[in-house]
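Q: dropping a prediction and its sequence here:
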Amino acid sequence: MGSGYEVQVPSRDEAIALLWHQHYSGLVRLAVGLTGDVGAAEEIVQDAFAALIRRWGSIRDPSATHAYLLRVVINGARGRWRRRWRGQDSAHESVIEVDVDARLDVLAAMARLPYGKRACLLLRFYADLSQAQVAEILGVSVGTVKSQTAKGLRELAAVLDDSRIETR
């Protein structure tokens, strides 16, 4: 016997539009933090959504789509970082202007960190993910996340000369 209620399952386009609305700006901010380049960040996130559209039929757990997008953005930023490091990316290194605002000081300091430390810090404290989630997304051990996070915080504290940064 039916309850009289029908569950409306959104179409692929509706589901992706909702994901875009909910997560696009946060994913771009994360990618900016990883790449230091707004244009590159927007491109990486757009590519992540394009990949999601292509793989939509093979997604078994719709609740995992945000985690999938995070992984694709992290991998896209990592690939761009590696190409830049090897001199294969012709994009100019963006300059983060330091203002009196403490947030800009932190962003500028973050931009100086190596990719792994920056990714760990952004995913732990900006995306508010657990150490285990960060490890899974980055494809490293939890121990690596712990050490990269602690080292990154120490480096930030040294650059910012700020004792308020906790090294947890």
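A: Sure thing, it's come through. Since this is a predicted model, take the numbers as computed values, not measurements.
Q: tell me the domain ranges of the chain?
A: Annotated domains of the chain cover 11-94, 95-168 [automatic domain parsing].
Q: show me how far the longest one is from its chain's centre.
A: Centroid displacement of domain 11-94 relative to its chain, using Cα atoms, centre = their mean, to the nearest Å, is 8 Å.
Q: tell me the mean pLDDT over that domain?
A: Mean pLDDT, computed over domain 11-94, is 81.
Q: and Ile16, what does it touch?
A: Going by Cβ atoms under 8 Å, 6 or more residues apart in numbering, Ile16 touches 49, 52-53, 56. Every C-beta, even on glycine, is put in place using the N, C-alpha and C of the backbone.
Q: now, those residues that are in helices?
A: Those of the contacts of Ile16 mapping onto helices are 49, 52-53, per DSSP state H.
Q: follow-up on the earlier one: now render the contacts of Ile16 as a markdown table, adding distance to Tyr5.
A: Shown next, in a markdown table, are the contacts of Ile16 (distance: Cβ to Cβ, whole Å):
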| residue | distance to Tyr5 |
| --- | --- |
| Phe49 | 31 |
| Leu52 | 29 |
| Ile53 | 30 |
| Trp56 | 26 |
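Q: filter those residues to the buried ones?
A: Among the contacts of Ile16, those scoring as buried are 49, 52 (criterion: 16 or more other Cβ atoms under 10 Å).
Q: tell me which two in the contacts of Ile16 are the farthest apart.
A: With Cβ to Cβ as the measure, no two of those lie farther apart than Phe49 and Trp56, at 10.6 Å.
Q: give me the residue at the spatial middle of the protein.
A: Leu30 (3.9 Å; Cα atoms, centre = their mean).
Q: helix or strand: which one has that residue?
A: Following DSSP states H and E, one finds Leu30 within helix 12-35.
Q: hey, C-alpha coordinates of that helix in CSV?
A: Taking Å, rounded to 0.1, in the frame of the first residue of the first chain, the C-alpha atoms of helix 12-35 are listed here in CSV:
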residue,chain,number,x,y,z
ARG,A,12,20.4,15.3,-13.7
ASP,A,13,20.2,19.0,-14.8
GLU,A,14,18.2,20.0,-11.7
ALA,A,15,20.6,18.1,-9.4
ILE,A,16,23.7,19.7,-11.0
ALA,A,17,22.1,23.2,-10.9
LEU,A,18,21.5,22.7,-7.2
LEU,A,19,25.0,21.5,-6.6
TRP,A,20,26.3,24.5,-8.6
HIS,A,21,24.2,26.9,-6.5
GLN,A,22,25.3,25.3,-3.2
HIS,A,23,29.0,24.7,-3.8
TYR,A,24,30.4,26.7,-6.8
SER,A,25,31.6,29.7,-4.8
GLY,A,26,33.1,27.6,-2.0
LEU,A,27,34.9,25.4,-4.5
VAL,A,28,36.3,28.5,-6.4
ARG,A,29,37.5,30.0,-3.1
LEU,A,30,39.2,26.7,-2.3
ALA,A,31,40.8,26.5,-5.8
VAL,A,32,42.0,30.2,-5.4
GLY,A,33,43.6,29.3,-2.2
LEU,A,34,45.4,26.3,-3.8
THR,A,35,46.4,28.1,-7.1
